[in-house]
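Student: sequence unknown, structure follows:
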């Protein structure tokens, strides 16, 4: 899937061996947002512990580690969360124009009741006091740290053969109430976690025709916003184009 | 570093082989926020392209792929960004109490001029129209998608032996001006990217005594916020404790 050859790779004394680099890219490129393929098979505690440790080793602004992990196993709590999803999903559905609305109605957008584990990842903005190194001028940085924890967990789960789906179709207050999350804690992600029948070849929304994969070459600028004509960028774009072609012909 | 044995691992038909799982965990656990260890060695375009492709394959809400990647190579532009950092850093320094302020002053918090590549990752909130699947009730979801792109890139870079440092000590307007970022585009991350002399054993702020690593066991609840006494949680906490012990004795 990836072309790993470089002109001067000897410089990378700290690089992983080729097989290990490929494994990391494989996790990144085959990770999916899972909604439909969950199996009821229990997720071992040893595995879930590894996923949470992966999340806990995310970068965090000022090393504040603002996350908590609320593991949901209770069917009654899952049902409450699912009820909250249903309310919000109906509201969201009505916002789409007719053609999109039909497609939307046919999409399965969560596996709350199917996944053996649900997990809320949160951000405690007061975790290390009022002044946080690196957050003063960009106040959202602590929220972003918790998001990095989610992505670490997601990639680790892929390597474990475990699917993760991020559900964001809730009124925040309804989610707080279902999980008794205090007012000063920010819910970042509600994840459905479990073994899966398979991982889709492509993102589910791409397969369903909701939106296409964008050409990465169109998203890259050099030195100033909108600048695509710099010399350095030209070589980079050629390489990006080659990788994108490889993906289209051999996904 | 990780105990990978499970009681019923046969269930994981979609899991990576042990060596590949270990590689993914290695990237997660040895990734560092690099500020001091950058080498001037050029980063090959083929490698940078792989990093950007990894970022482009992050999860995104409603598959909107809201990110752009602004690659900064120009010394003049880096200097402008560095100037913006200096202003904000002096303001931030003064907010810490005396003892912390001295420690803060001695920390190197960015490698803007040292790293051969700087990269701004942004979020275009209008990318796919006004209504985005999954963003209606949690409006920050598109920002979080761009954060996931950053974390994908960061882990891929670690596997490539390339360091990444996230600098957030800027006034947003000063950063916009240095990079000509339009008003309706949100700067998410400013990253310094380059080969490194080495990766630290621990996060730089942990080594410097800024803050300690939190015990992950204290951050996990079951079913409701604050609930640590559930039966399921007990087994999970035992596993987490064992992993944390392993890390303390064999980092």
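Tutor: Ah, there it is. Remember, it's a predicted structure, so these values are computed and weren't measured experimentally. Numbering: from 1, shown residues only, chains lettered A, B, ... in the order given.
Student: who's in contact with the closest residue to residue A:128 other than its chain neighbours?
Tutor: Leaving aside its chain neighbours, residue A:128 sits nearest to residue A:64 (4.3 Å; criterion: Cβ to Cβ, 6 or more residues apart in numbering or on different chains). The way it works is simple: take the backbone N, C-alpha and C, and place the C-beta from them, glycine included. Contact analysis of residue A:64 by Cβ atoms under 8 Å, 6 or more residues apart in numbering or on different chains lists A:127, A:128, A:132, A:135, A:142, A:145, B:211.
Student: what's the spacing between residue A:64 and residue A:145?
Tutor: 7 Å (Cβ to Cβ, to the nearest Å).
Student: what of residue A:223?
Tutor: From residue A:223 over to residue A:145 the distance is 28 Å, taken as Cβ to Cβ.
Student: now do residue A:241
Tutor: Applying Cβ to Cβ to residue A:241 and residue A:145 gives a distance of 34 Å.
Student: ok, these two, which is more surrounded?
Tutor: residue A:145 (27 against 14; other Cβ atoms under 10 Å in any protein chain shown).
Student: can you give me phi and psi for that one?
Tutor: phi -60, psi -40 (degrees, to the nearest 10).
Student: check the one 4 residues further on too.
Tutor: According to degrees, to the nearest 10, the main-chain angles of residue A:149 amount to phi -60, psi -40.
Student: tell me which residue in the stretch 1-150 of chain A sits closest to chain B.
Tutor: residue A:15 (3.1 Å; Cβ to the nearest Cβ).
Student: residue contacts, that residue?
Tutor: Residue A:15 neighbours (Cβ under 8 Å, 6+ apart): A:9, A:21, B:159, B:160, B:161, B:162.
Student: from chain A, how far out is the third one?
Tutor: It refers to residue B:159. Using Cβ to the nearest Cβ, to the nearest Å, we find residue B:159 at a distance of 4 Å from chain A.
Student: excluding its backbone neighbours, what's nearest that residue?
Tutor: residue A:24 (4.0 Å).
Student: was I right to think that neighbour contacts residue B:157?
Tutor: No: taking contacts as Cβ atoms under 8 Å, residue A:24 lies outside contact range of residue B:157: 9.8 Å.
Student: thinking again about what came up before, nearest to residue B:234 among the contacts of residue A:64?
Tutor: Top of the list for closeness to residue B:234, among the contacts of residue A:64 and by Cβ to Cβ, is residue A:127 at 24.8 Å.
Student: that's a helix at that closest one, yeah?
Tutor: No: per DSSP: H, G, I helix; E, B strand; the rest coil, residue A:127 lies outside any helix segment and is coil.
Student: any idea how many residues pack against it?
Tutor: 20.
Student: can you tell me the closest non-neighbouring residue to it?
Tutor: residue A:66 (4.6 Å).
Student: neighbours around the one you found, how many?
Tutor: By other Cβ under 10 Å, the residues close to residue A:66 number 28.
Student: outline the domain layout of chain A.
Tutor: A:32-212, A:214-251 (automatic domain parsing).
Student: the first one: end-to-end distance?
Tutor: Using Cα to Cα, to the nearest Å, the gap from the first to the last residue of domain A:32-212 comes to 15 Å.
Student: the one residue sitting closest to the centre of chain A sits in which helix or strand?
Tutor: With distances taken as Cα atoms, centre = their mean, residue A:151 lies nearest the centre of chain A, 4.9 Å away. Assignment of secondary structure by DSSP states H and E places residue A:151 within helix A:141-159.
Student: which one of the domains of chain A is the most hemmed in?
Tutor: domain A:32-212 (a mean of 20; mean count of other Cβ atoms under 10 Å in any protein chain shown).
Student: chain center to that domain: distance?
Tutor: 8 Å (Cα atoms, centre = their mean, to the nearest Å).
Student: stretch A:174-186 vs chain B: in contact?
Tutor: Yes: judged by Cβ under 8 Å from any Cβ of the partner chain, stretch A:174-186 and chain B are in contact via A:179, A:180, A:181, A:182, A:185.
Student: looking at this, the fourth one is in a strand?
Tutor: In other words, residue A:182. No: assigned with three-state DSSP, residue A:182 falls outside any strand and is coil.
Student: measure it to residue B:128 for me?
Tutor: For residue A:182, the distance to residue B:128 - Cβ to Cβ - is 34 Å.
Student: and for the first one?
Tutor: Spatial separation of residue A:179 from residue B:128 under the definition Cβ to Cβ is 30 Å.
Student: again with the second one
Tutor: Counting by Cβ to Cβ, the gap between residue A:180 and residue B:128 amounts to 35 Å.
Student: same question, the last one
Tutor: Separation of residue A:185 from residue B:128 (Cβ to Cβ): 30 Å.
Student: in the stretch 101-250 of chain A, what residue is nearest chain B?
Tutor: residue A:161 (3.1 Å).
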